Structures are given as structure tokens and as C-alpha cells.
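S.K.: My questions are about this predicted structure, shown below with the sequence.
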Amino acid sequence: MASPRQLSKPINKPALPALHHLSSWQGSSSLPSAVMETRFLILSDTHATAYTAPQQYADVALHCGDLTEKSTLDEFRSAIQLLEGVSAPIKLAIGGNHDFTLDTPLYKQRFDQASPAQQKYFKKEYGDVGEARRLLETAGITLLDEGTHHFRLQNGASLSVYASPHTPIFGYWGFQYPREQGHEFDITGADVVMTHGPPRGILDETYRGNEAGCTNLFGAIAQARPKIHCFGHIHEAWGAKLVAWQDTNVESSYSTSVDEKKSVIINSLKGSQGSEELMDELKAHQHEGYYATSHCTGDPNPIQQGKQTLAINASIKGRGRHRFQLPWLVDIELPKTD
Ligand SMILES: [Zn+2]
Ligand SMILES: [Zn+2]
């Protein structure tokens, strides 16, 4: 295991003390808000492949779903092995559409409707209802249900995460809703949003050029403007983009909400195929096993609360020469616990 904060190659940023104060505080009568730099290792869509996570320490590890391909117990064991190899004191995960046994009401319904012979087979392959969840939790992986969750981190930061495993229907899987019916994402006061699927228009483009993300999710993100929104599901849209929001309160569509000129692509598979510069950037990170980006005070692109959101598609499973895409190592500032 790598020891905390020892990087094989330091993240390209000026050295800062771990604890400092928001630069926006300019001598007002209220006390300055203390913040902690916090490092996230973000991955998604490992699908029980032979992928091995990097050893790099992070304060928090996030897995945005599709831990498995078919939701078998064997695949969950392999996903657990992968996450056990991650060096982080707290590991948060959500289910993806492929992890349908984590969708307890759905799996219970299928189980109850099955014949005794099928039930015997289900138990052997997929386990009892709730068994996959128990396996994860026993291994120290916190599986987040839909909603907002609060954590006190070992580094002294407080973290609020809104999680949702739900995606529009695509095949016969778990945590799905009809696209035309939509889904309510009730995001309030979250530093980090982790969903399985992307929002419409952001790192959601399929090989065929379709925007596969959810419009309801886009609206909720545009409204809530969290520091980070991480997801996966559309593997080929791997990348990160610092999305700048328009000053207007109109959040109904991409064009009225996103300020494209002020937004920054950190990297993307799509971009790297079209640009030699981004491709070289990507190659330079391959040997490290992660793609690092830092958005703290003093960095080139510090996240401005309420004005920007760092969107991250962290899908690991790729194809062709991108068989395994890189997880993201992201530094941001979080409020310090009192
Ligand atoms: Zn997937
Ligand atoms: Zn998926």
C-alpha cells in the first residue's frame, strides 16, 4: 500500500498547507470558513473485469456502479477484491443497472415469482435477497441508497453526498425508470453527487453520437451545482469537464444553463481521439494508473462554489486499446468539521 499522500508523481499544483482558508473571505465580521483539501479516487463500471485499481492513497474512494456484469455472487466477490485493493479509509459505492440484485424490491419480486427449481438456481448464482449487499457491507464498502448522506472524514473534512443508482431503461436490468416518465433527483446541499448515469449533454455521448444522459438529472445538477458530479454507465464517454454555469436561474436546458466558453475539458476520450495534445496527456497518465486533477485554491482551475461543477465520467471498462480506462484522482476543498 502506498502511504498517505505519497504520489509516484506529484499532482501538478503548487504546494499548499492541508488546512487553509477560503480566499473569498476578505475580512468580513464572520469567521472564515476552514476547508480541508480532500482527495477522491473515482471509478465506475468495472463490471467484474480483471482490472486492478491503483495503489494511490485517497481520502475517499467512490464507485459509481456496474460493479458486476451479471450480478452473480462470484462477480461481487471479484468487485470486493478490487475495492479491497484500493487504499482509502472510506469506500462508497452505488449499484448500477447491471447490479440488479442490489435493487432489493426488484430482485425480491423476481425471486418470489420464480419456480422452486429457479429459486434454487438463483440462490446459488445470485444469492438470497440482500446477500450481495451484505457481502459488500461486510467488506467495509458502504453501499449508498438513493438520497443524501453525510460523512465525517478521517482528514477532518465533512462530506455530503447525494447518491442515485437510477438510470433510464436499457434492457432488463435494475434501478431503471422509463425515460419518458423521468425520475426525480432530489439533490440539496451535496458537495458530491454520485449517480450511475450521466446528465443529458455532459460526457454522455455514445459511439453512435447519441446523448444518452437523463434530462431530469441535468436539470437537478444545474439547479444544485455540486462541486463534483461523478458517474459512469456510458463507457465510451470517459472524461472530465469543469462545467461553468450561466449566471441566470433558468436551468431548463443545456444551452441556457452551461456557459460553454468558460467550461474546461480536463480530458475526454472523445477529445483525445481528436486532439494529439489530449492524447499525449492521456498516455502520460497511463503508467500511473490514474488521471489526476486538482481544483483547490491556488490551482489553475479552482472550483468556484455554485458557479462550477466538475463532471466526471469514470467508466473503467473500455474496448480496443482502451480496454481499461483510467480512474480519476481528484483534489477539492471541503468544509472542515467543527
Ligand atoms: Zn457499465
Ligand atoms: Zn450501466
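M.R.: Here it is on my side, so go on. Ligands and ions are numbered 1, 2, ... in the order given.

S.K.: alpha carbons only for contacts and neighbour counts from here, please
M.R.: OK.

S.K.: part of a helix, is E184?
M.R.: No - read with DSSP: H, G, I helix; E, B strand; the rest coil, E184 is coil and lies in no helix.

S.K.: burial measure for the closest residue to it other than its chain neighbours, as a count.
M.R.: Distance criterion CA to CA, 6 or more residues apart in numbering; nearest residue to E184, sequence neighbours excluded, is N216 at 6.8 Å. N216: 17 surrounding residues under other CA atoms under 10 Å.

S.K.: Contact partners for N216?
M.R.: Shown here is N216, whose contacts under the criterion CA atoms under 8 Å, 6 or more residues apart in numbering are 182-185, 199.

S.K.: Same check on L92?
M.R.: Contact analysis of L92 by CA under 8 Å, 6+ apart lists 60-63, 141-144.

S.K.: how about a markdown table for those, with neighbour count and distance to L41 added?
M.R.: Shown next, in a markdown table, are those (neighbours: other CA atoms under 10 Å; distance: CA to CA, whole Å):
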| residue | neighbour count | distance to L41 |
| --- | --- | --- |
| V60 | 23 | 6 |
| A61 | 23 | 5 |
| L62 | 26 | 6 |
| H63 | 30 | 9 |
| I141 | 22 | 14 |
| T142 | 16 | 15 |
| L143 | 19 | 16 |
| L144 | 18 | 17 |
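
S.K.: For ligand 1, state which of the residues you listed is nearest.
M.R.: The shortest distance between ligand 1 and any of these, using CA to the ion, involves H63 and amounts to 11.5 Å.

S.K.: The closest one pairs with what?
M.R.: For H63, the residues forming beta bridges with it (DSSP bridges) are L43, A93.

S.K.: Near the closest residue in space to V129 that isn't next to it in sequence, how many other residues are there?
M.R.: Closest residue in space to V129, ignoring its immediate chain neighbours: K108 at 5.9 Å, by CA to CA, 6+ apart. Per other CA under 10 Å, the neighbour tally for K108 reads 15.

S.K.: And the helix or strand harbouring K108, what's buried?
M.R.: Following DSSP states H and E, the helix or strand that holds K108 is helix 104-113. Using 16 or more other CA atoms under 10 Å as the test for burial, helix 104-113 gives 104, 106-107, 111.

S.K.: try stretch 282-300
M.R.: Judged by neighbour count using 16+ other CA under 10 Å, the buried positions of stretch 282-300 are 282, 288-297.

S.K.: same check, this time on stretch 130-148
M.R.: For stretch 130-148, a neighbour-count test (16+ other CA under 10 Å) marks 130-133, 136, 140-148 as buried.

S.K.: again with stretch 312-325
M.R.: Of the residues in stretch 312-325, those buried under the neighbour-count criterion (16+ other CA under 10 Å) are 312-318, 324-325.

S.K.: ok, now stretch 185-192?
M.R.: Taking 16+ other CA under 10 Å as the basis for neighbour counts, the residues of stretch 185-192 that come out buried are 185, 187-188, 190-192.

S.K.: which of those residues sit farthest apart?
M.R.: Considering CA to CA, no two members of the buried residues of stretch 185-192 lie farther apart than F185 and D191, which are separated by 14.9 Å.
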